[in-house]
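Undergrad: Provided below are the primary sequence and the corresponding predicted coordinates.
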Amino acid sequence: MFWHLQVPKSDSFPVSEFFSIGFTRHRTIFEKVKDRQERCFYIRLCAEQSYTVEELKRSIARDDYHHQGSLPNNFIRTLSAGQQALKAISTFKDEYLLDYINVEELDVRDRQDIDEKMVENAIIHNVKDFILTFGKDFAFVRNQYHLDAFGEDQYIDLLFFNRELNSLVAVELKKGKFKTSYLGQLQGYLSVLDGFERKPHENPAIGIILCKDMNKSFVDYVIQDYTKPMGVATYKTSKDMSEELKKALPPIEALKKLLDAEDMDEE
């Protein structure tokens, strides 16, 4: 029996959120979403995240409704407070879109470690976008976060703090399909984070493996034997996007101008 749990999606109509968003957003939701429960989800999301119309279109194209709270995880078994486990489940999705990663560049390079490093670098360069993709209440701590315990040097790919969960969140990037060895590595990182880095008022650290592909049923099964709270999600890059999602993205020229503006700010 799996302890994996789907977060229930409320049927109650979000009255206050409905009146807090503009007409164009309502029209977008009603034109693109047919299911009542799903419409309520996007109304709430739009209100809570203060989405622009374009951000809302991207969220619908990503199908955030069906990805929310569905990642394989062991939160119910490993987080002692039931409400904390439910919060963790609803915080993370089972798939993330990293549309700013240049996959074509990855394809022509050495495939040993360069994929993961370039994904990491792309995330760091676009950390604001990554946090928006992950959701609200995330604060970026740093990449390649150094853990030094018992004379063993270890490095977490990406470390965040989530205010709602009151937890450190360690994210490990993997270029290919999920492997069980990733869970052992991440559990070791979480043990050191809890033992040496976590503040007394904070909840236990949570780990997320972000890989290119996984068998969800298999991951759901094997992750239950681990004692630290962990989940596994996949990511897509621009190469993997559907035509509908590509249409929801800003024009390429607008993206180039945005990148140029970021480069000038850095200088």
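TA: Received the coordinates, thanks.

Undergrad: buried stuff in stretch 145-159?
TA: Of the residues in stretch 145-159, 145, 147, 156, 157, 158, 159 count as buried by neighbour count, 16 or more other C-beta atoms under 10 Å. Any C-beta I mention is one placed from the backbone N, CA and C, and that applies to glycine too.

Undergrad: any idea how far the fourth one is from residue 20?
TA: Going from residue 157 to residue 20 by C-beta to C-beta, to the nearest Å gives 37 Å.

Undergrad: where along the stretch 151-267 of the chain do the strands fall?
TA: 152-162, 167-173, 206-211, 230-237 (DSSP state E, counting those that start in this stretch).

Undergrad: what angle do the shortest one and strand 152-162 make?
TA: In this structure, strand 206-211 runs at an angle of 100 degrees to strand 152-162, with axes from the mean of the first three to the mean of the last three C-alpha atoms, to 10 degrees as the basis.

Undergrad: pairing partners for strand 206-211, with directions?
TA: Paired strands of strand 206-211, with direction, are strand 167-173 (parallel), strand 230-237 (parallel) (DSSP bridges).

Undergrad: quick check: the farthest pair among the buried residues of stretch 145-159?
TA: Within the buried residues of stretch 145-159, 147 and 158 form the most distant pair, 13.3 Å apart (C-beta to C-beta).

Undergrad: tell me which helix or strand residue 97 sits in.
TA: Counting by DSSP states H and E, the element that carries residue 97 is strand 95-98.

Undergrad: got the CA positions of the helix or strand hosting residue 56 in CSV?
TA: For residue 56, the host element (DSSP H and E) is helix 53-62. Only the C-alpha atoms of helix 53-62 are listed here, as CSV (Å, rounded to 0.1, in the frame of the first residue of the first chain):
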residue,chain,number,x,y,z
VAL,A,53,-2.6,37.3,-18.5
GLU,A,54,0.5,35.9,-20.2
GLU,A,55,1.6,34.1,-17.0
LEU,A,56,-1.9,32.6,-16.6
LYS,A,57,-1.9,31.4,-20.3
ARG,A,58,1.4,29.7,-19.6
SER,A,59,0.1,28.1,-16.5
ILE,A,60,-2.9,26.7,-18.3
ALA,A,61,-0.7,25.5,-21.2
ARG,A,62,1.6,23.7,-18.7
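
Undergrad: so that helix versus strand 230-237, what angle?
TA: Using the same axes, to 10 degrees: helix 53-62 against strand 230-237 is 110 degrees.

Undergrad: no further questions, thank you.
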